[in-house]
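Asks: kindly return the folded structure for what I paste below:
(one chain, ligands or ions: 1)
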Amino acid sequence: MYRYVCKTMLRRLFLSKKVSYQARLFSGNFRYLEVLNNENNVAIVTMKRAPVNTLNSELLSEISSVLTNLDETKCSGMVLTSFSDKVFSSGLDFNEMYESRPATIRTLVSTILEVIIKLYGSPFPTVAVITGHAPSGGCVLSLCCEYRIMVQNFQIGLNVVKLGYSTPLSIVQLMVNTIGHRNAELALTSGRLFTTNEALRVGLIDEIAKDRASAFDKANDFLNQFKVIPPIARHFTKQSMRRALLQDVSINGKIYVEDFVSLISRPKVQELIAAYMANMKNKKKNSN
Ligand SMILES: CC/C=C\C/C=C\CCC/C=C/CC(=O)SCCNC(=O)CCNC(=O)[C@H](O)C(C)(C)COP(=O)(O)OP(=O)(O)OC[C@H]1O[C@@H](n2cnc3c(N)ncnc32)[C@H](O)[C@@H]1OP(=O)(O)O
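Replies: Prediction:
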């Protein structure tokens, strides 16, 4: 009898360890992401690719896997944020675009497209808590969320024309849907980065927060309003609002990817990327 009790206790201990280990596995399985569930079944997805959350293929494919997982596990909402109090994300990784084989650029671009489709079309409500600068690809990630809360004194926008390539059509559409045709045209053709205050004025973000903690309070307020809304009704309404863009990328995605790959591979664009990277390094050297 004594042996049986001991055995059962040991088995229970083992099982409980296994369960908590599995719970930790989901949050610890990623190299560049931390995923935590709060008490309301909201997933807090934190990008943690130091120093500036540059979006390489690996970080993007981790975000893509998490989105699939959150869909399957029926989470109640998601907050996308950054570990850094200075940068949300510095956009696509130049190191995978500069002097890279077309296959490398293709993987990068098709992975961000996969993320755009999953994030923009997600059934659960999504909020971007933007704790720092969000240029280019960083801005795109936040635009795919339903609500954007940004901390004071940073910059956000799509500056891709400055790198010598045009903004892909569906990304233009994301901007138009958010800030309207006129503002989007002015911003995209000049590669304008908006300060937090300007971004609020133009509707690129929804709220300003004084710091990370207050941004999270605001994100909770946004998500809490959906507790009384039947999820299926919410999801279908969101789908109706977003269908046109989602249909377009699902039909034409491959063409957009190939167009983008050949744009980036052009010698002139490669030159501009090299100059841009050198400029970043010089700025850093001069500020040290
Ligand atoms: C349907 C459509 C189909 C396909 C297309 C889909 C989507 C397209 C999406 C839209 C297009 C996106 C293109 C891009 O995103 S290109 C990237 C553009 N990014 C930028 O212009 C921002 C560049 N970075 C900065 O301005 C600053 O780094 C930043 C203000 C973010 C932070 O400044 P801070 O002073 O804090 O840090 P830095 O010293 O500048 O940076 C630290 C180190 O990180 C390196 N770095 C920064 N950004 C990048 C990057 N994007 N790629 C690679 N490396 C980067 C920087 O050089 C520093 O390196 P070290 O000197 O430390 O070695």
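Asks: straight-line length of stretch 41-54, end to end?
Replies: 28 Å (C-alpha to C-alpha, to the nearest Å).
Asks: ok, it near the ligand or not?
Replies: Yes - counting by C-beta under 6 Å from any ligand atom, the ligand is contacted by stretch 41-54 at 51-52, 54. Placement of C-beta: from N, CA and C, glycine included.
Asks: so which bits of the chain are right by the ligand?
Replies: So far as C-beta under 6 Å from any ligand atom goes, the chain lies against the ligand at 51-52, 54, 86-87, 90-95, 109, 112-113, 133, 135-137, 140, 159-160, 168, 170-171, 249, 256-257, 260, 280-281, 284.
Asks: quick one, what contacts residue 235?
Replies: 123-124 (C-beta atoms under 8 Å, 6 or more residues apart in numbering).
Asks: strands along this protein, start to end?
Replies: Taking DSSP state E as the criterion, the chain contains strands spanning 33-37, 42-47, 77-82, 126-130, 134-135, 147-151, 155-157, 193-195, 207-209.
Asks: can you put the ones you listed in CSV and add mean pLDDT?
Replies: CSV is the format used below for those (pLDDT from 0 to 100):
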stretch, mean pLDDT
strand 33-37, 96
strand 42-47, 97
strand 77-82, 98
strand 126-130, 98
strand 134-135, 98
strand 147-151, 98
strand 155-157, 98
strand 193-195, 98
strand 207-209, 98
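Asks: tell me the spacing between residue 252 and residue 160.
Replies: As judged by C-beta to C-beta, to the nearest Å, residue 252 and residue 160 stand 19 Å apart.
Asks: out of the strands of the chain, nearest to residue 228?
Replies: strand 77-82 (13.7 Å; C-beta to C-beta).
Asks: paired strands for the closest one, with orientation please.
Replies: Applying DSSP bridges, strand 77-82 is found paired with strand 42-47 (parallel), strand 126-130 (parallel).
Asks: can you dump the C-alpha atoms of it in PDB for me?
Replies: Provided in PDB are the C-alpha atoms of strand 77-82 (Å, rounded to 0.1, in the frame of the first residue of the first chain):
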ATOM      1  CA  GLY A  77      -7.000  38.600 -28.200                       C
ATOM      2  CA  MET A  78      -3.400  39.400 -29.000                       C
ATOM      3  CA  VAL A  79      -1.000  42.300 -28.100                       C
ATOM      4  CA  LEU A  80       2.000  42.600 -30.400                       C
ATOM      5  CA  THR A  81       4.900  44.600 -28.800                       C
ATOM      6  CA  SER A  82       8.600  45.000 -28.400                       C
END
